[in-house]
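*Asks:* Model the following, please.
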Amino acid sequence: MLKKALSAIAIATLALAANAEVLKVGATAVPHAEILNHIKPALKAQGIDLEIKEFSDYVQPNAAVEDKQLDANFFQHQPYLDSYNKDRKSSLVQVPNGKVHVEPFGAYSKKIKNIADLKSGATVAIPNDPSNGGRALLLLAKQGLIELKDPKNLTATALDVVKNPKKLKFKELEAPLLPRALDDVDLALINTNYAIEAKLNPTKDALFIENADSPYTNIVVARKDRADGADIAKLTKALHSAETKKFIEEKYKGAVVPAF
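*Replies:* Modelled structure (predicted):
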């Protein structure tokens, strides 16, 4: 009888796996793919087989969603999505209840230990995409290092700098390359996911970092025709669970902050 019961359970398990709905989600490795891997078993129990495809840049995950290679992605904030949609004439959207966490953006250096020691004419590396480049300049402005024409413009560029008392020189690089540029520049403004990948601890190694009131909450994104899917709703519910919140808080220790 026991053997028959175990066989029945095995058959039922195989049937559930065979009938599982596949949900393909793109993500950058840290922390997004790590968080998705954490919720994978919970979604499996609900009949959803979560397939996670990792990317090392910020363009391909959106392109893959647009091309229907992926159902959704999880790596970006709303200002970046707005900029991407404008530049690419696309219409990707944040899914309902899509806000997950904030990665406080920070400034790093191998040449100075205190921002007061930043020399005149120093080279400062910032991301070359409009939203994160603007984010970097806003953070520099909050430190009093520069003054911007419009301190609320999330897509400010170096051309919007109206005061630059230290005559800082801005070097724009692709976001993934910023940690590797630390040997060559005086200061680099780095997205937290790439900082963590480079073994930098934002709460300890950053010379200064964004406050918790950052508007750059990381979100789940999909095409309009997929945003309201039942499987997407299960994904965001799992991302908003108490277990996920605890996982984020314990694993990243303030470098990644839950936004729910």
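*Asks:* tell me the contacts of the closest residue to Pro127 other than its chain neighbours?
*Replies:* The shortest distance from Pro127 to any non-neighbouring residue, by Cβ to Cβ, 6 or more residues apart in numbering, is to Ala175 (4.4 Å). The way it works is simple: take the backbone N, C-alpha and C, and place the C-beta from them, glycine included. Going by Cβ atoms under 8 Å, 6 or more residues apart in numbering, Ala175 touches 57-58, 127-129, 132, 190-191, 194.
*Asks:* can I get these in CSV with pLDDT and neighbour count?
*Replies:* Converted to CSV, those look like this (pLDDT from 0 to 100; neighbours: other Cβ atoms under 10 Å):
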residue, pLDDT, neighbour count
Asp57, 94, 12
Tyr58, 95, 21
Pro127, 97, 26
Asn128, 96, 14
Asp129, 94, 22
Asn132, 95, 26
Ile190, 98, 31
Asn191, 94, 27
Tyr194, 95, 23
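*Asks:* any idea how far Ala227 lies from Ala64?
*Replies:* 16 Å (Cβ to Cβ, to the nearest Å).
*Asks:* before we move on, the earlier item: so what does the residue nearest to Pro127 have for phi and psi?
*Replies:* Taking degrees, to the nearest 10, you get phi -50, psi -40 for the backbone angles of Ala175.
*Asks:* Please report the distance of it from Asp150.
*Replies:* From Ala175 to Asp150 the distance is 23 Å (Cβ to Cβ).
*Asks:* And for Asn85?
*Replies:* From Asn85 to Asp150 the distance is 21 Å (Cβ to Cβ).
*Asks:* More neighbours: those two, which one.
*Replies:* Asn85 (15 against 9; other Cβ atoms under 10 Å).
*Asks:* in the helix or strand hosting that one, what's buried?
*Replies:* Secondary structure assigned from DSSP states H and E places Asn85 in helix 78-88. Going by neighbour count (16 or more other Cβ atoms under 10 Å), the buried part of helix 78-88 is 78-84.
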